[in-house]
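>>> Take this sequence and fold it.
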Amino acid sequence: HAWSAFGRHTTEFQRRWHEQHPETDLRLIRHNTPTGGLAEGLCDLAVIRAPLDLGPWAHALIGYEARCVALASDDPWARRRGIRLAEIPARTLAIDRRTGTTTLDLWPEGNRPAVEYTQDIDDWLAAIATGRCVGLTPQATAAQYRRDGITYRPLRDAGPVPVHLIWRPHDPYPATHTAIALAAGLYREDADTAARDRPR
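Predicted coordinates:
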């Protein structure tokens, strides 16, 4: 994975895997490449959220994650319950164009935020913590990267981010489909819980 593995599902995924499949070693490793290390031969299966041409890869959609805004904790917006997409162009936006999920296509031309480009998740968080930038990211980042000086708030009106698993089509690891089923099941459990808790 390039950023956040399975977000808040990461620990549960690892625990269930080790309980259900102790014969197969599982390691979650972060590689700062668009394919999470798959194209470089560093892994057998990759978690992908960034906009990516999936054509060369076998892939499975395992779920969706809502977007949130990452802010310095002393930012005035950090006291709010949510932020709207149309408010972001008033700020400078931190974007990791190599492995991040945010592109300027979220806004119409002529009403796009100024951008500060970063190299990886640590640079992105550091830029936001200074207060000079804000960031947009899936909920997985908020779960995986809780940091002093960083606050996450819901982005109210942007579509969710799809989460895919990708692998080499002609050389799948034997446990690939088992991993897909486990990950998709965790995301489905999350969606089912949210649906039950939604006001009627």
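>>> can you list the residues that contact stretch 83-96?
69-70, 77, 102-104, 106-107, 111-121, 123-124, 127-128, 132-136, 153-158 (CB atoms under 8 Å, 6 or more residues apart in numbering). In short, each C-beta sits where N, CA and C put it, glycine included.
>>> any chance you could read off phi and psi for the spatially most central residue of the chain?
For the chain, the residue nearest the mean C-alpha position is P138 (4.4 Å; CA atoms, centre = their mean). Main-chain dihedrals, P138, degrees, to the nearest 10: phi -70, psi 160.
>>> what pairs with L93 across the strands?
L93 forms beta bridges with V115, V134, as assigned by DSSP bridges.
>>> and the gap between it and I83?
12 Å (CB to CB, to the nearest Å).
>>> sorry, back to before: in terms of contact, does the residue nearest to the centre of the chain touch R67 like I think?
Yes - counting by CB atoms under 8 Å, R67 is a contact partner of P138 at 6.1 Å.
>>> what is in contact with the two at once?
Jointly contacting P138 and R67 under the rule CB under 8 Å, 6+ apart are 101, 160-161.
>>> what about T151, which helix or strand?
If you go by DSSP states H and E, T151 is part of strand 150-154.
>>> buried sites along the very next helix or strand once past that strand?
On the C-terminal side of strand 150-154, the closest following helix or strand by DSSP H and E is strand 161-167. Buried positions in strand 161-167, judged by neighbour count with 16 or more other CB atoms under 10 Å: 161, 163-167.
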